[in-house]
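K.L.:
Got a predicted structure plus its sequence, pasted below:
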Amino acid sequence: MYNLGLTERVRLDDVVRGLDGLQVLGIAQPFLELLPMDVEPKRLDITYYHLKDISLEVNFEDLKQILAVLCLCRSSPHLKTINIEAVWDKESTFLCDEDIWIARLNKEEDIFNHLETVSLSGFKGTKNDLGFSQFILLNARDLMTFYIDWEESALMPEKLAVVEMMMQFHRASTIAEVIFKSKV
C-alpha cells in the first residue's frame, strides 16, 4: 500500500499522477479533492488498469470528496475491492446540502465492471452514504458482497427504514448480498 503521509488537503490527480502501476491504494484523512467545483471531471487523466483494491476515508458531507471517489473509481476499471470508512465532518470546506444523487443514479457502462466486494463502515443511512451505496448496487454487475457496518450513533428506527429501502434498490448483480455487520 502506498502511504501518502499528507497532513493537509491536496488534489487527488496531483498525488496519483505517475502511479499507473498501482495495485492497492489507501488514503486517510485529510482526504483529497479534484478540481474547483465548476469543473467535474468524469475520470482522471490516467487510467489505473492495475488498481484492484482501494481503502479510503470519505467525508460523506463533503461534495468534493464524494466526486473524487467516483472519479477515482471510473479511472480504475479493474477494481475488485472497495473499503470505505465514513467520516462525518460538518466543518468540511464544501458541505453537501443538495441531493447530488438525483442526477447521478443512472447506470454507467465503465464503472465497477469487476467490483466484487464493498465494505462501508460508519454508515448512517444519510442521503449521501445511502446514495453512494445505491449507485454501487446499480452499477456493479459482478458484486458478490456489500458489507455495511453502522455508525454508533445511528438509531434503531432509522436503521430499519434504511435497511428496508436498501433491499428495494435495483442491483446490477443478481447474486449481490447486502450484509449489515452490526445490529439493526
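P.N.:
Sure, I can see it. Numbering: from 1, shown residues only.
K.L.:
ok, which stretches of this protein are strands?
P.N.:
24-27, 53-59, 81-87, 117-123, 145-150, 177-180 (DSSP state E).
K.L.:
can you redo the ones you listed as JSON lines with distance to Leu70?
P.N.:
C-beta here means a position set from N, CA and C on the backbone, and glycine is covered the same way. Putting those into JSON lines (distance: least, C-beta to C-beta, whole Å) gives the following:
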{"stretch": "strand 24-27", "distance to Leu70": "14"}
{"stretch": "strand 53-59", "distance to Leu70": "11"}
{"stretch": "strand 81-87", "distance to Leu70": "11"}
{"stretch": "strand 117-123", "distance to Leu70": "14"}
{"stretch": "strand 145-150", "distance to Leu70": "17"}
{"stretch": "strand 177-180", "distance to Leu70": "20"}
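K.L.:
now those strands in JSON lines, with mean neighbour count and distance to Trp101?
P.N.:
Supplementary listing: these in JSON lines, determined by neighbours: other C-beta atoms under 10 Å; distance: least, C-beta to C-beta, whole Å:
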{"stretch": "strand 24-27", "mean neighbour count": "18", "distance to Trp101": "22"}
{"stretch": "strand 53-59", "mean neighbour count": "20", "distance to Trp101": "15"}
{"stretch": "strand 81-87", "mean neighbour count": "19", "distance to Trp101": "15"}
{"stretch": "strand 117-123", "mean neighbour count": "20", "distance to Trp101": "15"}
{"stretch": "strand 145-150", "mean neighbour count": "19", "distance to Trp101": "17"}
{"stretch": "strand 177-180", "mean neighbour count": "14", "distance to Trp101": "17"}
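K.L.:
how close does the most centrally placed residue in the chain get to Ser75?
P.N.:
Geometric centre of the chain, nearest residue: Val69, 5.4 Å, by C-alpha atoms, centre = their mean. Distance from Val69 to Ser75, counting by C-beta to C-beta, to the nearest Å: 11 Å.
K.L.:
got a list of what Glu151 touches?
P.N.:
Neighbour list for Glu151: 86, 88, 122-124 [criterion: C-beta atoms under 8 Å, 6 or more residues apart in numbering].
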